[in-house]
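A.B. asks: Below is the structure, and that's it, no one-letter string:
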């Protein structure tokens, strides 16, 4: 029997990363593959305290159905934090609580994308966004990243030709590249979009995790109601609660709420109340500070080991925050071949190819430094360096068989 | 500036029920409008115990990212319960944990529906399903319900002509009508679908809440892998956790997992572990028994009051379980007019119209009996009876102005 799946499922394949992550579950493998926050930093006791408080003081309410928009005190907290961090005055009615920011991507796809619509994305781009949008069958126009952010010349040209519904970007410590847009880059992006009909979606899961340099404002400050911002508690509190949000102007929010209601009625209300209680009782800035200290140490160790053990022709990014670093092998080497070789040495990472919507990026790879400890980073990067050198040697042999 | 929303948002309007429910929030109003379980029955202390256990014994794991499919012990529990209740052997790989069964509807819409595809639904039909599927712009073919379930003659004809992707139904204590399919009706539905290419989606949120008569098997028993079953913990444990599931054959499950991953990565893992712990430590059958005793009492009181206070020409269903009862006014009276009149007496309900995908049903309404207490039911139904009588009198005056 034919189950007549929808056309949108024709291009949907099981995530390659997901399959890679299964390899990383083997405890003898040092994995730089996942995108997991470090669980040693989870505020377990504080969450437990918040659970008990919420259930003791208003248990029945916390366990009942709730509103599609999300728990108002949590939305007020998020609005207040935009004010504190960026001086932005945000109406809580502009905040929708979602099942992680991933659901924000799905809902934005739902309300904006008709089959065949054009979207501009970064290259390499966040795989989860590519997956979420693909379900609504758009055409992707990828624009390359450079060390300052998006390549402005290509971006400007693409905005003019693509007439895209929106440009999706991760301007802070991008996943997968670790690249951050400079202020100048942001200004230029805003100037280009301001003259167009293309909206901007800024996905900002890592913005609070900056350990070098000064934070830049969100695109809301540059583009006003032409910018939509996504945020999440997954990286600064815990991921299992699946609590993210969309910050969007009201006429867009109205459509998002309708879409969210049909999609799952509302986000887990119990977890919203717990996180709200936790944020009320504890200083989140102190907690974020702790995370940043650890991640910076991990990042520094990874870069130090790369400098020592990778051949000098290997290029890599030096992220100012976040959880990822991006490696580019010399042309002709493929990260898939490196992956297989590294695995024999019990080291895993994510080959870069799935982050490209075209066939490029075969010589790139993503390394995560938040989840492994320093000893593992030292050992793993050393082994990865060995694997790269072996690959170069074997490649040279293939090229000169004599 | 034009935000270029997708075509699917053209027909999406804010839920009428949602607006109605806001009226019901007024504490002076006796509301039969919502679809809320009774919060007095929530196992608050037991949930708190489970939270503490989960966080004490494996806190870091419970707060980390997890798998798209859902927590395996919870899926095993669900599989085991199908065996216990219906003698069905279920592979946990056929179970996907979703954000309430509402998300199951969205995911099924996503993997099956292309623009313009035909679907068969019940009339009246579950509003949440109509909303979820509408996002994928299908054509609805509504088939009327009668007291034995779906109208078989119309159903048979519709299956032959519509060549629908699927038939969506709520065969136990349907929302909104409270109607249950008889065994004979189920057999006939299965016989008709078995010869067609149309799948069946059985939404079963209330099946465990039967207080009269014997349970019927799920459609999986009749139709094998042509049936997809949705379930939820919202009505037997708590709704705020948003924990539901889809039980589907593996080739469909494969697509559902891909769709779920792009939609929100995975369902709140912390809540999955809590409910799993709760189900392990407590006897859910004892808890369900308590719920059934209360709901049956409420249902009996509502029917008794209707018999006493509604004019004899008013028709209503006598549900064997679940949370809703359906009232049909004599033709010519509209439930919207009754709604306005009832509100002046501080009584609310949901007019039936939104449960119809056409313009029918103006003289119908849904009454919820799970959430109000008996005293409120007695008082509210008496007032509603008064409102109906007044409406009939005023209508008669309008018809005979002399």
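C.D. replies: That came through fine. Worth saying up front: this structure is predicted, and the values here are computed from it rather than measured.
A.B. asks: longest strand in chain A, by residue count?
C.D. replies: strand A:139-146 (DSSP state E).
A.B. asks: in it, what's buried?
C.D. replies: By 16 or more other Cβ atoms under 10 Å in any protein chain shown, the buried positions in strand A:139-146 come out as A:140, A:141, A:142, A:143, A:145. (Each C-beta comes from the backbone N, C-alpha and C, glycine too.)
A.B. asks: Closest to chain B out of these?
C.D. replies: residue A:140 (14.3 Å; Cβ to the nearest Cβ).
A.B. asks: right, and the closest one touches residue A:117 too?
C.D. replies: No - checked against Cβ atoms under 8 Å, the pair residue A:140 and residue A:117 is beyond contact range at 10.4 Å.
A.B. asks: For the most centrally placed residue in chain A, give its distance to residue A:56.
C.D. replies: By Cα atoms, centre = their mean, chain A has its centre lying nearest to residue A:175, at 4.7 Å. Distance from residue A:175 to residue A:56, counting by Cβ to Cβ, to the nearest Å: 39 Å.
A.B. asks: what's the closest non-adjacent residue to residue A:56?
C.D. replies: Nearest residue to residue A:56 in three dimensions, chain neighbours excluded: residue B:48, at 7.5 Å (Cβ to Cβ, 6 or more residues apart in numbering or on different chains).
A.B. asks: Then residue A:128?
C.D. replies: Using Cβ to Cβ, 6+ apart, the nearest residue to residue A:128 is residue A:102, at 5.4 Å.
A.B. asks: what residues are up against the one you found?
C.D. replies: A:128, A:132, A:244, B:262, B:263, B:264, B:265 (Cβ atoms under 8 Å, 6 or more residues apart in numbering or on different chains).
A.B. asks: could I get the residues you listed as JSON lines with pLDDT and secondary structure?
C.D. replies: Output for those, formatted as JSON lines (pLDDT from 0 to 100; DSSP: H, G, I helix; E, B strand; the rest coil):
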{"residue": "A:128", "pLDDT": "95", "secondary structure": "helix"}
{"residue": "A:132", "pLDDT": "97", "secondary structure": "helix"}
{"residue": "A:244", "pLDDT": "98", "secondary structure": "strand"}
{"residue": "B:262", "pLDDT": "95", "secondary structure": "helix"}
{"residue": "B:263", "pLDDT": "96", "secondary structure": "helix"}
{"residue": "B:264", "pLDDT": "97", "secondary structure": "helix"}
{"residue": "B:265", "pLDDT": "95", "secondary structure": "coil"}
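A.B. asks: so which two of those are the farthest from each other?
C.D. replies: Across the contacts of residue A:102, the longest distance by Cβ to Cβ is 14.7 Å; it joins A:244 and B:262.
A.B. asks: can you list the domains in chain A?
C.D. replies: Using automatic domain parsing, the domain ranges for chain A come out as A:7-42+A:286-395, A:64-281.
A.B. asks: ok, how many other residues are close to residue A:227?
C.D. replies: Burial of residue A:227 is recorded as 22 neighbouring residues (other Cβ atoms under 10 Å in any protein chain shown).
A.B. asks: so what's it closest to, chain neighbours aside?
C.D. replies: Closest residue to residue A:227 apart from its sequence neighbours, by Cβ to Cβ, 6+ apart: residue A:219 at 4.0 Å.
A.B. asks: tell me the contacts of the one you found?
C.D. replies: Here residue A:219 is in contact with A:171, A:186, A:189, A:190, A:200, A:202, A:227, A:229 (Cβ under 8 Å, 6+ apart).
A.B. asks: before we move on, the earlier item: just how off-centre is the helix or strand just after the longest strand of chain A within its chain?
C.D. replies: As assigned by DSSP states H and E, the chain's next helix or strand after strand A:139-146 is strand A:149-150. Its chain's C-alpha centre and that of strand A:149-150 lie 15 Å apart, by Cα atoms, centre = their mean, to the nearest Å.
A.B. asks: Output the contacting helices and strands for the helix or strand following strand A:149-150.
C.D. replies: Next helix or strand after strand A:149-150 toward the C-terminus (DSSP H and E): helix A:152-162. Contacts defined by 3 or more Cβ pairs under 8 Å, 6 or more residues apart in numbering or on different chains; DSSP states H and E place helix A:152-162 against strand A:118-123, strand A:139-146, helix A:183-194.
A.B. asks: next one: the helix or strand that comes right after helix A:152-162 to chain centre, how far?
C.D. replies: Downstream of helix A:152-162, the next assigned helix or strand under DSSP H and E is strand A:166-169. Mean-position distance between strand A:166-169 and its chain equals 13 Å (Cα atoms, centre = their mean).
A.B. asks: cool, and stretch A:269-284?
C.D. replies: On the basis of Cα atoms, centre = their mean, stretch A:269-284 sits 23 Å off its chain's mean C-alpha point.
A.B. asks: what's the answer for stretch A:307-315, then?
C.D. replies: Its chain's average C-alpha position is 26 Å from that of stretch A:307-315, according to Cα atoms, centre = their mean.
A.B. asks: Buried residues, that stretch. List them.
C.D. replies: Buried residues in stretch A:307-315 (16+ other Cβ under 10 Å): A:309, A:310, A:314.
A.B. asks: ok, these vs residue A:159, which is closest?
C.D. replies: residue A:314 (33.1 Å).
A.B. asks: Show the contacting residues for that closest one.
C.D. replies: By Cβ under 8 Å, 6+ apart, the contact set of residue A:314 is A:306, A:327, A:328, A:329, A:330, A:388.
A.B. asks: ok, those vs chain B, which is closest?
C.D. replies: Closest to chain B, out of all of the contacts of residue A:314 and judged by Cβ to the nearest Cβ, is residue A:327, at 23.2 Å.
A.B. asks: where's the closest one relative to residue B:358, distance?
C.D. replies: 59 Å.
A.B. asks: Compare these two and say which one has the larger neighbour count.
C.D. replies: A count of neighbours by other Cβ under 10 Å puts residue A:327 above the other of residue A:327 and residue B:358, at 23 against 9.
A.B. asks: Kindly list the main-chain dihedrals of the more buried one?
C.D. replies: When read as degrees, to the nearest 10, the backbone of residue A:327 gives phi -120, psi 140.
A.B. asks: ok, which stretches of chain A are strands?
C.D. replies: A:30-31, A:95-99, A:118-123, A:139-146, A:149-150, A:166-169, A:199-203, A:227-232, A:243-247, A:315-316, A:324-328, A:347-348, A:350-351, A:364-368.
A.B. asks: and of these, who's closest to residue B:79?
C.D. replies: Judged by Cβ to Cβ, the one of those that comes nearest to residue B:79 is strand A:95-99, at 24.2 Å.
A.B. asks: could you give me the average pLDDT of the closest one?
C.D. replies: Regarding strand A:95-99, the rounded mean pLDDT is 98.
A.B. asks: Is that strand positioned near chain B?
C.D. replies: Yes - Strand A:95-99 lies within reach of chain B by Cβ under 8 Å from any Cβ of the partner chain, at A:98, A:99.
A.B. asks: so that strand versus strand B:95-99, what angle?
C.D. replies: Angle between the axes of strand A:95-99 and strand B:95-99 is 170 degrees (criterion: axes from the mean of the first three to the mean of the last three Cα atoms, to 10 degrees).
A.B. asks: Report all helices and strands that strand A:95-99 contacts.
C.D. replies: Looks like strand A:95-99 contacts helix A:72-86, helix A:100-112, strand A:243-247, helix A:250-264 (3+ Cβ pairs under 8 Å, 6+ apart).
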